[in-house]
Each structure stands twice: as C-alpha cells, then as structure tokens.
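1. next input, structure requested:
(one chain, ligands or ions: 1)
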Amino acid sequence: MHKRILVVEDEASIRDMVAFALRKADMQPIHAADASAALAAVADTPPDLILLDWMLPGMSGLELARRLRRDERSAEVPIIMLTARGEEADRVNGLDAGVDDYVVKPFSTRELVARIKAVLRRVQSDDGSGSIALGGLRIDGPAHRVYAGDALVDLGPTEYRLLHFFMSHPERVYTRAQVLDHVWGGSVYIEERTVDVHIRRLRKALEPFALDGLVQTVRGTGYRLSDRR
Ligand code: CA
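-> All right, here's what the predicted structure looks like:
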C-alpha cells in the first residue's frame, strides 16, 4: 500500500517538486493549497502523514497543526512542518502544537523523503500485536508488562500508562497539559506537577536498567521519549 502524504503548500512549484519526489519514492501525494483544502482532505480520508508549510494564506500552518491535533480523525497523523524560519521560539511553538519534525526551506527532496520515512517508521513502532519496542524497552500490551531486555520492569499503573503513551508517540514533545489530557483524561482536574511526580517515578523504575535517559525533559516545553541523546 502506498503511503498517502497530504502536502499543504500554497506555492505550486514546491508542491510539484515534492509531489514528484514522493511518487518516485512510491508514495502518493495529495495536494492542498491552504488550510481549508487540507481540512477537507483530512475529513475525506485521513492521510498517513501531513507535510505542512508554516506560511500559508489565511490560517497559518501552526494554527492548522493545532486544529489537526484537536480533531479526532487527524490527532494521530504525524505532521512534518516545512519552514523557512529557524528561530527556536517558532520550533517550540510547533512542538507545542504537536508537530513531529521540521524541514527547513530550502531543502533537498532527498532529505525530505528520508525524514518522511523516518517519521513513518516511528509511528509504526506498534507491530499490531500491541507490543511496542524502543531503545531496549518492550511493552507487552495485552499482558500489561514492560521488559528491559529480558528483565521485567516493575511499574505502577499510572507509570505504565505514561510509558505506554510515550512509547506510542516516540520523539514527539508533549507539554504537561497534553500529557494530562492523554494519560489522565481531559475531564479530571489534576495539577500539572503531578506529571512531574510520575515522570520521576517512571525514571526511577527504569534506572536499574540504565534506561531512565529515554524519558527526556525538554526545557521550557515538557517531555519526550527518545533513544537519541
Ligand atoms: Ca507558503
């Protein structure tokens, strides 16, 4: 099955160049020139990945990313942002909006395709049996167990849910509020520092296996799970 990639970009020349590269890589491009076309395309059939230009007419790429994250149909679809701006503040804004990766313009289509494949691989880390493996850790979903190599990791139920959530979305940065939403459910009132408490417990449980470094603090933003330092 060819991966369907929604390309949201108002500049036709870039869209065409990207579409050509995607087809060459056996992926199927879908075009959208602005936010409303993108939302219509997602409503029709959610794509496997969204390439999203930061500077769009009307609704900005960043605002669109937020909208896509809030929408059930696209909440889990990975987003790669195309941006001409390299400023750190913009990056943080984008990460806050749930963007998975960035490609800075001008880019080579080869680099772009490599980044798309990397993000698609990450989101496919669940092999369908409910088992997820990353960086030496393995979650056996049906059994609700976590292994570090062959050793069983002793986790409380909240730490398990927290780890499961992060392992299902590796490399993506989440704010404390987003973690609360996803792991505790949005309707419950809990203070954001509760997240810190459970992150500490999770790291402590992973420490004997020297895997606590997988749970990373992103200063000023929140947390992510990554096997890259
Ligand atoms: Ca643009």
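
2. Leu68: which element?
-> The secondary structure element spanning Leu68 is helix 61-70 (assigned by DSSP states H and E).

3. average model confidence for that helix?
-> Rounded to a whole number, the mean pLDDT of helix 61-70 is 89.

4. near the ion, anything from it?
-> No: if you take CB under 5 Å from the ion as the test, helix 61-70 misses the ion, and the best it gets is 7.9 Å. Every residue, glycine included, has its C-beta placed from N, CA and C.

5. by contact count, what packs against that helix?
-> helix 35-44, strand 49-53, strand 79-83, helix 88-96 (3 or more CB pairs under 8 Å, 6 or more residues apart in numbering; DSSP states H and E).

6. residues making contact with it?
-> Contact with helix 61-70 is made by 8, 35, 38-39, 42, 50, 52-56, 59, 74-75, 77, 79, 81-83, 90, 93-94, 97-99, as judged by CB atoms under 8 Å, 6 or more residues apart in numbering.

7. do you know the pLDDT at the residue nearest to Thr109 when sequence neighbours are not counted?
-> Closest residue to Thr109 apart from its sequence neighbours, by CB to CB, 6 or more residues apart in numbering: Ala21 at 3.4 Å. Turning to Ala21, the model gives it a pLDDT of 96.

8. tell me the angle the helix or strand Ala21 falls within makes with strand 79-83.
-> Ala21 belongs to helix 12-24 when elements are defined using DSSP H and E. Using axes from the mean of the first three to the mean of the last three CA atoms, to 10 degrees, the direction of helix 12-24 lies 140 degrees away from that of strand 79-83.

9. where does the protein have its least confident helix or strand?
-> Of the helices and strands making up the chain, the lowest-confidence element is helix 88-96, at a mean of 64, by mean pLDDT, DSSP states H and E.

10. CA atoms only: put the following helix or strand past it into PDB for me.
-> Moving toward the C-terminus from helix 88-96, the next helix or strand (DSSP H and E) is strand 101-104. Only the C-alpha atoms of strand 101-104 are listed here, as PDB (Å, rounded to 0.1, in the frame of the first residue of the first chain):
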ATOM      1  CA  ASP A 101       9.500  17.100  12.800                       C
ATOM      2  CA  TYR A 102      10.800  20.100  10.800                       C
ATOM      3  CA  VAL A 103      12.300  20.500   7.500                       C
ATOM      4  CA  VAL A 104      13.800  24.000   6.800                       C
END
